[in-house]
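K.L.:
no sequence for this one, just the structure:
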């Protein structure tokens, strides 16, 4: 088991390094000038040149990358060109907001997805299956942006149950876990949960249906075991795959949804990325991408480590 | 009972005190303002994010030497004394300006405003050798005060600024330059990032709280030096909501009381729900700026005039649900600098076709041109639908437009580089569509027509050169009589229109939607707005 974990950790290192290269280089592929984030549109050439020099943007890209990676390894992701604030602080603040949203959305998505998928798989071909499958297809296909707006119109503007935007009455810095604040989470979390719910429903349905036809299930039934016990065995055997899919989905959610966070003005990583992209704020963009990719890498690593604990066969492969 | 009677006179005596205490604890009036930016603009002194940001963290926290009158909506504002009570040019040297600094003004931290404070602020943005130099603030304001060559404090309350050349329009540059407290910067360890959260200006509001990308709380400065501009609301909360529909939803839901730029589609719902829509003449124009370099199809004035006559601007206004006014030139026709152009811009298809025929174009010989446009963004209004409308309109007179669509940030790069640059000329781009701020003589007129500002030296994008206009501009810069200046500026505008330098389409009206809780909101005919005028129920 220890060698398995070490092997996974070693695999993660080149991935992490590749992530830094991609995070750094990707932003240079897009057209536009990063200095537009700070200089007025009609800034003369000498002002632009002075700024380039002040922010080190006049150096060759490989040197900029080297300096950036060195600082990143020391926990310094630089300073946002646009706001002048430390990128690390900006990103961590946004990550904690997105984490809050993603956790609730994951819980909703995974819970409903597992329940619907299990019911559909268990009663394959029945009306329950048809309803669950329809819901999962809708969940995967529905545009987030549109759903967010519709939910806002119904539950915020018409019924007045939930706020239309924001992260609490005083902003995310004054977040408290009470109903007054949780109200702000409901609509974005529900909107964000729809895709993982759809994907997990479909995955669980397929796995359960497949598992129920396995010989060991027939054998369990032949022994006269109750449906609940049989189902417990089925659930245990489907868990590793469901866990892998769930890990990926949580990873996506942790990346924040640019559209959902923009529709609800939720100050998470998606909102931050959106701002950074439109302002060509390269240090902020690179830092955010790096942190998000690292979260993804770490989450996948965790899933890889947890999987063999559930299914020891995976540790032996 | 006897006790009650005995105490009654004392209770009556206490009644006025109770009422006065009651008035003292009256609920704070708060206006929550949904702004269209993704973040709170810079709070250190010189706001970023363009002219529209000055109303939020510029002229609220700080004051300029010369201010723009922004608390009037019924006519264009004018330059008024700010932290300088008066200013004059030295009669013996027209490059020297003397400013009398207002006495008795204190920064929010309690320190005094003096001429040396202004010098310190000028160093902050113009002298990269000074300890307080801030590249970010400098980048914001340096392009807006290009005339300053040197400066010094003559005495405690007299400031002298020397310009590079004689420039009678120099005072128009100063509303952009805001004065912050040197003492606060010292007190906060000379750290601009700390000043950002605890700024100290002399303005009518103090920044009480800043949560990046979420909110900024501006509270009333009860000791503000200009008693006519004490804020009518105790607290203004700025909430960045970049998505237009989200802003409208927040207003409908009651989370904010005022929003900028409501989406045109939602106006009927807002109006029917009791929300007020406020618009006004705004110094902005949505044009096609033509290249006049050899090889450009727009070098022929007949083609430029034909394009201007081929657009049904009223239909575009309708497309925008009324949130625009048809353009008859670079400036709105109510501007004192509009003049009397001979070329009347309007919708006249037969005249447009006749001009095209004179220029040698027709159905069998269409004119082809490529225009670079943005897919959207600040000042671009409904970029794509409007551009498609223009494309169809010009096709009717035989002009076939092709678009190069880029993001706004990229468009700025093409703009700064000029039509002759390889990134434009190399792609046969001969026109650019970019919303222009037209707030003062420089922004509205001179930067586009002065041959000395041909890109990359400035934003005379198309390389327009008119020796007669250059002479007029020289006369203008040497004349210190504002009435003569107005006449000369009108002459410049007339020539621009008569030369059909651009295809002018519409002016923005800077729409705001207000909840019924907002009792008063004066919208100035400018991008600078005065938030002290907001009054809540």
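P.N.:
Everything's here; your move. Note that the structure is a prediction, hence the values are computed from the model and not measured.
K.L.:
Where does the residue nearest to residue A:123 when sequence neighbours are not counted fall, secondary structure wise?
P.N.:
In space, and not counting its chain neighbours, residue A:123 is closest to residue A:129: 5.7 Å by CB to CB, 6 or more residues apart in numbering or on different chains. The way it works is simple: take the backbone N, C-alpha and C, and place the C-beta from them, glycine included. Assigned by DSSP states H and E, residue A:129 falls within helix A:127-141.
K.L.:
same thing with residue A:110?
P.N.:
Per DSSP H and E, residue A:110 falls inside helix A:87-122.
K.L.:
repeat for residue A:46
P.N.:
If you go by DSSP H and E, residue A:46 is part of helix A:45-54.
K.L.:
buried residues in that helix?
P.N.:
By neighbour count on 16 or more other CB atoms under 10 Å in any protein chain shown, the buried set for helix A:45-54 is A:47, A:48, A:50, A:51, A:52, A:54.
K.L.:
okay but the second one is in contact with residue A:39, surely?
P.N.:
This points to residue A:48. Yes: in terms of CB atoms under 8 Å, residue A:48 counts as a neighbour of residue A:39; the distance is 6.0 Å.
K.L.:
Just name whatever secondary elements the helix holding residue A:46 is in contact with.
P.N.:
In terms of contacts (3 or more CB pairs under 8 Å, 6 or more residues apart in numbering or on different chains; DSSP states H and E), helix A:45-54 is packed against helix B:135-141.
K.L.:
What are the contacting residues of the helix it packs on?
P.N.:
By CB atoms under 8 Å, 6 or more residues apart in numbering or on different chains, the surrounding residues in contact with helix B:135-141 are A:35, A:38-40, A:43, A:47, A:50-51, A:54-55, A:84, B:42, B:44-48, B:124-126, B:128, B:176-177, B:192.
K.L.:
repeat for stretch A:42-49
P.N.:
A:33, A:35, A:39, A:58, B:138-139, B:142-143, B:146, B:415-416, B:447, B:456-459.
K.L.:
By neighbour count, which of these wins?
P.N.:
When neighbours are taken as other CB atoms under 10 Å in any protein chain shown, the top entry among the contacts of stretch A:42-49 is residue A:39 (27 neighbours).
K.L.:
Can you pull up the residues of the stretch 201-317 of chain A that come close to chain B?
P.N.:
Counting by CB under 8 Å from any CB of the partner chain, the stretch 201-317 of chain A comes close to chain B at A:262, A:263, A:264, A:265, A:267, A:271, A:272, A:274, A:275, A:278, A:279, A:280.
K.L.:
Give me the mean pLDDT for whichever strand or helix holds the first one.
P.N.:
For residue A:262, the enclosing helix or strand under DSSP H and E is helix A:258-263. When pLDDT is averaged along helix A:258-263, the result is 88.
K.L.:
from the middle of its chain, how far away would it be?
P.N.:
Between the centre of helix A:258-263 and the centre of its host chain there is 13 Å, according to CA atoms, centre = their mean, to the nearest Å.
K.L.:
what do you get for stretch A:146-154?
P.N.:
Relative to its chain's centre, stretch A:146-154 lies at 21 Å (CA atoms, centre = their mean).
K.L.:
Identify each buried residue in that stretch, please.
P.N.:
Result for stretch A:146-154 [16+ other CB under 10 Å]: buried residues A:147, A:148, A:149, A:151, A:152, A:153.
K.L.:
if I look at the first one, how far off is residue A:208?
P.N.:
Spelled out, it's residue A:147. 27 Å (CB to CB, to the nearest Å).
K.L.:
And the average pLDDT for stretch B:444-457 is what?
P.N.:
On average, stretch B:444-457 scores 92.
K.L.:
Can that stretch be said to contact chain A?
P.N.:
Yes: part of stretch B:444-457 sits close enough to chain A to count as contact by CB under 8 Å from any CB, namely B:447, B:456, B:457.
K.L.:
For the stretch 51-200 of chain A, what lies in contact range of chain B?
P.N.:
Counting by CB under 8 Å from any CB, the stretch 51-200 of chain A sits next to chain B at A:51, A:54-55, A:82-85, A:90, A:93, A:149, A:152-153, A:156-157, A:160, A:163-167, A:170-173.
K.L.:
Point out the ones among those that are inside strands.
P.N.:
Members of those lying in strands (criterion: DSSP state E): none.
K.L.:
Quick one: buried ones out of those?
P.N.:
Buried by 16+ other CB under 10 Å: A:51, A:54-55, A:82-85, A:90, A:93, A:149, A:152-153, A:156-157, A:163-167, A:170-172, out of these.
K.L.:
I'd like to know which of the residues you listed are part of helices.
P.N.:
Among those, the residues falling in helices (DSSP state H) are A:51, A:54, A:90, A:93, A:149.
K.L.:
Reformat the residues you listed into a markdown table and put pLDDT and distance to residue B:408 next to each item.
P.N.:
A markdown table is the format used below for those (pLDDT from 0 to 100; distance: CB to CB, whole Å):
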| residue | pLDDT | distance to residue B:408 |
| --- | --- | --- |
| A:51 | 77 | 19 |
| A:54 | 76 | 24 |
| A:90 | 90 | 23 |
| A:93 | 91 | 27 |
| A:149 | 92 | 24 |
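K.L.:
which of the residues of the stretch 201-317 of chain A next to chain B sit farthest apart?
P.N.:
Spatially, the most separated pair among these is A:264 and A:280, at 24.4 Å (CB to CB).
K.L.:
which residues touch residue 152?
P.N.:
Picked chain A for this. So residue A:152 contacts A:164, A:187, A:263, A:264, B:246, B:249, B:253 (CB under 8 Å, 6+ apart).
K.L.:
Sorry, I should have been clearer: chain B.
P.N.:
Contacts of residue B:152 (CB under 8 Å, 6+ apart): B:119, B:159, B:160.
K.L.:
For residue B:113, see how far away it is.
P.N.:
17 Å.
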